[in-house]
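K.L.:
One predicted model, sequence on top.
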Amino acid sequence: MENLLIIIYVIIGFIIVESIVYGLVKNVNKKFQWLIIKKDENPKLSKKRLEKFFQNGFDEELGWIRKPNTNNEESGKTKFVKWNINDKGARMNPGYEEKESMISCYGDSFTFGRQVNDNETWEHELSKLMNTNIQNFGVGNYGIDQSFLRLKKEFKSKKTKYVILGVVPDSIRRNLNFWKHYFEYGNTFGFKPRFVISENNLKLIRNPINEESKFYEYEEFLDEIKEYDYFYKNKFCKEIIKFPYCVTVLKNPLRNFSIIYWISKIALYKKMKKDISKIEWNPMKIIMKINLKWRIQLFQDKEAENIFKKIIEEFVKFSKDEKFKPIFVMLPQKDDLLFIKSNYNFYKKFIDKLNVIEGLKVIDITGELLQENELDNLYSDDNEYGGHFSKYGNKKVGEILHLKFLEFFPDVKIN
């Protein structure tokens, strides 16, 4: 009888603790998408948001794209900024649209120029310095895989003598994603193609959700998606919290309890109408530090590095077929620079490997940016992550690329 009572008390205690932890975790999950729970394994996709995505961004092959004749506004360093896409699918380049184009650029949001106006991107600055219309085909959150695939898809109708492929170091991680949600929790529309290594060659795994109708039945494709997304097993499954919640929350105690603490504190401060400006970034700071650790680790991963390198080698092969000069540019984020400044350049060995690829010109602007006294001036957001290049940062990048371009191609004829 005594043993039975003990068992009953243990069960009751477990139920109470489990209920408290579940309630706490579920509440934080509503406020902060990075603390994932059971429902996030098969998230419900908003029909309203999907309709907007189909209209403005969906691409059957690449996953998403900046569609022609679209525009948007977002927050910049000190004001709201606006970007516009022309009828060719390139970002507007005010004052240079009618000029002949000698250079085209493909890449991610650091190539696109998020958080600045059309006349404040580094492509616009470079256009002024070189008196040519530098076309900007960058797309936010692209890996170099998608950037290269877009180049292959569109170049024949948009030929230029020089092509710049510019990405952030985090591209090494993006190349391994098949569904962005498995790394960037909540990015549920982000289905994409990816390359894998097969018999020491690149093999393209095409975007599995390549029709609008498939978004409404994406669960039917999850077996394939889980198989080819590196982060499903290596990150998502290790960070998800589910029954028993009071046990699985302990899988990553420092991460989980830190997030719970800060989100709860922010919610309390809001109720009390207290200033949250000094603590509002703290939950996201935890995530950004984890993301930085991932990309540092992946530059030590032979397969991840090999995929990145082979995509660039394919870029060079394509340049020979299409007769353009290929240029690769590494565009570091602020937290990359802060880490390098205090520790070491975690992607230097990779850059060294690219420098021996015949026919490729490599520009890593890390060294030049580190010479800046105030790194904050280069970026739009006042935190460790930094957001994207500010107006000043883009001007600096344009100047660096101009000097490098003239060094590599001294005989270039300016229009």
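P.N.:
Everything's here; your move. Numbering: from 1, shown residues only.
K.L.:
what are the phi and psi angles of the nearest residue to Gly63 once chain neighbours are set aside?
P.N.:
Distances taken as CB to CB, 6 or more residues apart in numbering place Lys192 nearest to Gly63, at 3.6 Å, with adjacent residues excluded. Any C-beta I mention is one placed from the backbone N, CA and C, and that applies to glycine too. Backbone torsions for Lys192, taken as degrees, to the nearest 10, come to phi -150, psi 160.
K.L.:
Could you verify my assumption that Lys192 touches Asn207?
P.N.:
Yes - the pair Lys192 and Asn207 passes the contact test of CB atoms under 8 Å, sitting 5.7 Å apart.
K.L.:
Looking at those two, which has the bigger crowd around it?
P.N.:
Lys192 (27 against 22; other CB atoms under 10 Å).
K.L.:
wait, what's in contact with the more buried one?
P.N.:
With contact taken as CB atoms under 8 Å, 6 or more residues apart in numbering, Lys192 is in contact with Leu62, Gly63, Trp64, Gly143, Asp145, Gln146, Asn177, Phe178, Trp179, Lys180, Asn207.
K.L.:
Lys26 too?
P.N.:
Going by CB under 8 Å, 6+ apart, the list of residues near Lys26 reads Ile37.
K.L.:
Mind doing that once more with 10 Å?
P.N.:
Residues counted as contacts of Lys26 (CB atoms under 10 Å, 6 or more residues apart in numbering) are Leu35, Ile37, Lys38, Lys39, Ile241, Tyr245.
K.L.:
how close does the residue nearest to Gly63 sit to Asn256?
P.N.:
28 Å (CB to CB, to the nearest Å).
K.L.:
Now do the shared contacts for Lys192 and Asn207.
P.N.:
Shared contacts of Lys192 and Asn207, defined by CB under 10 Å, 6+ apart, comprise Asp59, Glu61, Leu62, Gly63, Trp64, Gln146, Leu149, Phe178, Trp179.
K.L.:
Secondary structure for these - can I get that in a markdown table?
P.N.:
Compiled in a markdown table, the shared contacts of Lys192 and Asn207 are given as follows (DSSP: H, G, I helix; E, B strand; the rest coil):
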| residue | secondary structure |
| --- | --- |
| Asp59 | strand |
| Glu61 | coil |
| Leu62 | coil |
| Gly63 | strand |
| Trp64 | strand |
| Gln146 | helix |
| Leu149 | helix |
| Phe178 | coil |
| Trp179 | strand |
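K.L.:
hmm, which two among these are most spread apart?
P.N.:
Distances among those were taken as CB to CB; the most separated pair is Leu149 and Trp179, at 16.7 Å.
K.L.:
In JSON lines: the contacts of Lys192, plus pLDDT.
P.N.:
Below are these laid out as JSON lines (pLDDT from 0 to 100):
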{"residue": "Leu62", "pLDDT": "98"}
{"residue": "Gly63", "pLDDT": "98"}
{"residue": "Trp64", "pLDDT": "98"}
{"residue": "Gly143", "pLDDT": "97"}
{"residue": "Asp145", "pLDDT": "98"}
{"residue": "Gln146", "pLDDT": "98"}
{"residue": "Asn177", "pLDDT": "98"}
{"residue": "Phe178", "pLDDT": "98"}
{"residue": "Trp179", "pLDDT": "98"}
{"residue": "Lys180", "pLDDT": "98"}
{"residue": "Asn207", "pLDDT": "98"}
